[in-house]
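In: below is the sequence, then the predicted model.
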Amino acid sequence: MRRTRPSARIPAPAERGLRCKGPVSGSVAGDHDAARDRPPFSRLPVATGRPGLSLIPPLHAAFLLFAVACTASAPAVDPDLATYIAGIHAIDDHAHPMRPVMAGEPADTDFDALPLDGIPPFDIPWRLLLENPEWDGVARVVFDVADADTSADGLRAAREQARAAHGRDYALWVLDRIGTDIMLANRIAMGDGLAPPRFRWIAFADPLLFPLDTRAEAGRTPDAAALYPKEDALLRRYMADLGVTTLPRSLAGFVTDVVFATLGRERQLGAVAIKFEAAYLRSLDFTDPDADAATRVYARYVNGGAPTRAEYKVLEDYLFREIAREAGRLGMVVQIHVFNGFGGYYDTSGSEPRRLQPVFDDPSLRGTRFVIVHGGWPEVGQSESMMSKPNVWADISMMDLVLEPSRLALVLRQWLQRWPDRVLFGSDAFDGGPDQTWADVAAFSSRSARDALGIALTGMLRDGEITRERAQDLARMVLRENALAVYPLAD
């Protein structure tokens, strides 16, 4: 379907749900202490002539003009607070950036373990569609395209010019343009142009759950038919990386020689976390496993044949805990996809955050840090409840893409009132094609998240729930400091 091009401008705050409210008094107490808020390995610049004030990236400088322009009694976001938020160099805890590909190099195919382009067509939320005028406006700011050029070709040309101009450093240039200091890249493998310290690796763990024949599982739905073979292929790739040519004959051997060896290799290669996308394949009810039963299932089918669904679940539940426990021992965070969608056969009830409580309450896993990726939307109350566990955090990735800032602000305010040190910023930046590149998505979500955070904190400030200093603290925590606390980024 050919997409139409909307008006060439970023919508004003009121058009995006940022309504003016009552007046706010006070001003920012002091400049953002960038030296304190950025680790020594950060390479982002600071503005000259004003020591300590973070350089505001073009995207957020543009937003500030809109925030301050809302003059009917008061702006939707307190202007000084908006300036402060715009100047924070964020840590994006979940994204799928593409490796910069030079002329003559093969295309990047390692950006996701389960790309959804192979499953039957399904509907996506309106805000993700290019018909939404926000996409056009954000792209024009990031790639510096004049408003007078209303053609899709103009934006495509600008993207190509940026890639050509920055070459292998294109991904770094994108981070600088959108105000992101560090991006955690959830990919099969990294590669040139996605190197530390600005890019850190999140490896995929799901293939380690499925060592046996998955053809029976793949036959359950058309979505599963497309996804399970990808997991099978990735497991074979993991084994090949280890020099393992056949499955070990015992479950204990598989755990030691494949699971633990893979996790150890990934940690040595710089992985700071692993991620499970299991909700696309099964329910998240990883119940307390029966080790003996799992051992019998593996032994029965390791040489051929397909387990029943019940048998495979016993094995998966056992392996999930082995993987999570070892990841924790190695210092890696465990991210879990918890979100309502995507796919026409996606099990919405099976992906509710509460399904994970047996995992979070397992005493043997209290040394493992878990992140509810995508915030468990729409069951954000369940996520809030899970954040009461000492080893559970939640991010707002994908929520900042599908929810209007005014709606996301309600979630942020709810979470920040109870668990302010457990909330993380993430973008889930993905590649949606030539008119919706990962750079566009990263910019869109970054602006949306900062908008939403500004609305939430301004509301809390107006209602006397927090001081201005506390509002600044919370902004830094969500966009940066909480990630520094949970992920081993200083390694």
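Out: Received, thanks. Residues are numbered from 1 along each chain as shown.
In: scan the protein for its longest helix.
Out: The longest helix of the chain (DSSP state H) is helix 438-462.
In: helix or strand with the lowest mean pLDDT in this protein?
Out: Every helix and strand of the chain was ranked by mean pLDDT, DSSP states H and E. The lowest is helix 34-37, at a mean of 36.
In: residues in contact with residue 114?
Out: 206, 227, 230-231, 277, 280 (CB atoms under 8 Å, 6 or more residues apart in numbering). Every residue, glycine included, has its C-beta placed from N, CA and C.
In: what helix or strand does residue 311 sit in?
Out: helix 309-329 (DSSP states H and E).
In: mind checking how far the residue nearest to residue 255 when sequence neighbours are not counted is from residue 294?
Out: Leaving out its chain neighbours, the residue that sits closest to residue 255 by CB to CB, 6 or more residues apart in numbering is residue 322, at 5.4 Å. Counting by CB to CB, to the nearest Å, the gap from residue 322 to residue 294 is 9 Å.
In: tell me where this protein has strands.
Out: 90-95, 180-186, 199-204, 271-276, 333-337, 370-373, 392-395, 423-424 (DSSP state E).
In: using JSON lines, lay out the ones you listed together with mean neighbour count and mean pLDDT.
Out: Output for the strands of the chain, formatted as JSON lines (neighbours: other CB atoms under 10 Å; pLDDT from 0 to 100):
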{"stretch": "strand 90-95", "mean neighbour count": "27", "mean pLDDT": "98"}
{"stretch": "strand 180-186", "mean neighbour count": "27", "mean pLDDT": "98"}
{"stretch": "strand 199-204", "mean neighbour count": "24", "mean pLDDT": "98"}
{"stretch": "strand 271-276", "mean neighbour count": "24", "mean pLDDT": "98"}
{"stretch": "strand 333-337", "mean neighbour count": "25", "mean pLDDT": "98"}
{"stretch": "strand 370-373", "mean neighbour count": "28", "mean pLDDT": "98"}
{"stretch": "strand 392-395", "mean neighbour count": "26", "mean pLDDT": "98"}
{"stretch": "strand 423-424", "mean neighbour count": "26", "mean pLDDT": "98"}
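In: what sits opposite the residue nearest to residue 480 when sequence neighbours are not counted in the beta ladder?
Out: Of all residues not flanking residue 480 in the chain, residue 91 sits nearest, at 5.2 Å (CB to CB, 6+ apart). Going by DSSP bridges, residue 91 is paired in beta bridges with residue 182.
In: could you number the chain from 35 rather than 1 from now on?
Out: Sure, I'll start counting at 35 from here, so that last one is residue 125.
In: my guess is residue 125 contacts residue 517. True?
Out: Yes: here residue 125 reaches residue 517: they are 4.0 Å apart, a contact under CB atoms under 8 Å.
In: which residues do the two both contact?
Out: 216, 218, 459, 523.
In: closest to residue 292 among those?
Out: Among the shared contacts of residue 125 and residue 517, residue 218 lies closest to residue 292 (CB to CB), at 24.7 Å.
In: so who does that closest one touch?
Out: Contacts of residue 218 by CB under 8 Å, 6+ apart are 125-129, 233-236, 306-307, 460, 517, 521.
In: so residue 244 sits against residue 350, correct?
Out: Yes: the pair residue 244 / residue 350 is scored as a contact, 7.3 Å apart, by CB under 8 Å.
In: who has more neighbours out of those two?
Out: Higher neighbour count among residue 244 and residue 350: residue 350, with 25 against 21, using other CB atoms under 10 Å.
In: how far away is that one from residue 488?
Out: The value you get for residue 350 to residue 488, if CB to CB is used, is 42 Å.
In: now residue 215
Out: According to CB to CB, residue 215 stands 19 Å off from residue 488.
In: check residue 360 too.
Out: Where residue 488 is concerned, residue 360 sits at a distance of 40 Å (CB to CB).
In: between those two, point out the one with more neighbours.
Out: Counted by other CB under 10 Å, residue 360 and residue 488 do not tie: residue 488 has more neighbours, with 31 against 20.
In: just to check, residue 332 is in contact with residue 284?
Out: Yes: assessed by CB under 8 Å, residue 332 is found in contact with residue 284 at 7.2 Å.
In: and the two? Which one has more around it.
Out: Using other CB under 10 Å, the more surrounded residue of residue 332 and residue 284 is residue 332, with 26 against 14.
In: residue contacts, that one?
Out: Residue 332 makes contact with 245-246, 284-285, 288, 349 under the criterion CB under 8 Å, 6+ apart.
In: measure the most centrally placed residue in the chain to residue 157 for me?
Out: With distances taken as CA atoms, centre = their mean, the residue of the chain nearest its centroid is residue 128 (2.5 Å). Residue 128 sits at a distance of 23 Å from residue 157 (criterion: CB to CB).
In: hang on, the residue nearest to the centre of the chain packs against residue 459?
Out: No: between residue 128 and residue 459 there is no contact under CB under 8 Å: 9.1 Å.
In: for the two, list the residues in contact with both.
Out: Common neighbours of residue 128 and residue 459 (CB under 8 Å, 6+ apart) are 429, 431.
In: give me the mean pLDDT for stretch 433-450.
Out: Averaged across stretch 433-450, pLDDT comes to 98.
In: ok, residue 327 - contacts?
Out: residue 348.
In: from residue 229, how far off is it?
Out: 44 Å.
In: dump the residue contacts of residue 483.
Out: Residue 483 neighbours (CB under 8 Å, 6+ apart): 430, 434, 442, 459, 461, 513.
In: ok, 10 Å please
Out: 119, 124, 126, 429-431, 433-435, 439, 442, 446, 459-461, 512-513 (CB atoms under 10 Å, 6 or more residues apart in numbering).
In: find the nearest non-adjacent residue to residue 516, please.
Out: Leaving aside its sequence neighbours, residue 516 sits nearest to residue 458 (CB to CB, 6+ apart; 5.3 Å).
In: just checking, that neighbour touches residue 450?
Out: No: applying CB atoms under 10 Å, one finds residue 458 not in contact with residue 450, separated by 11.9 Å.
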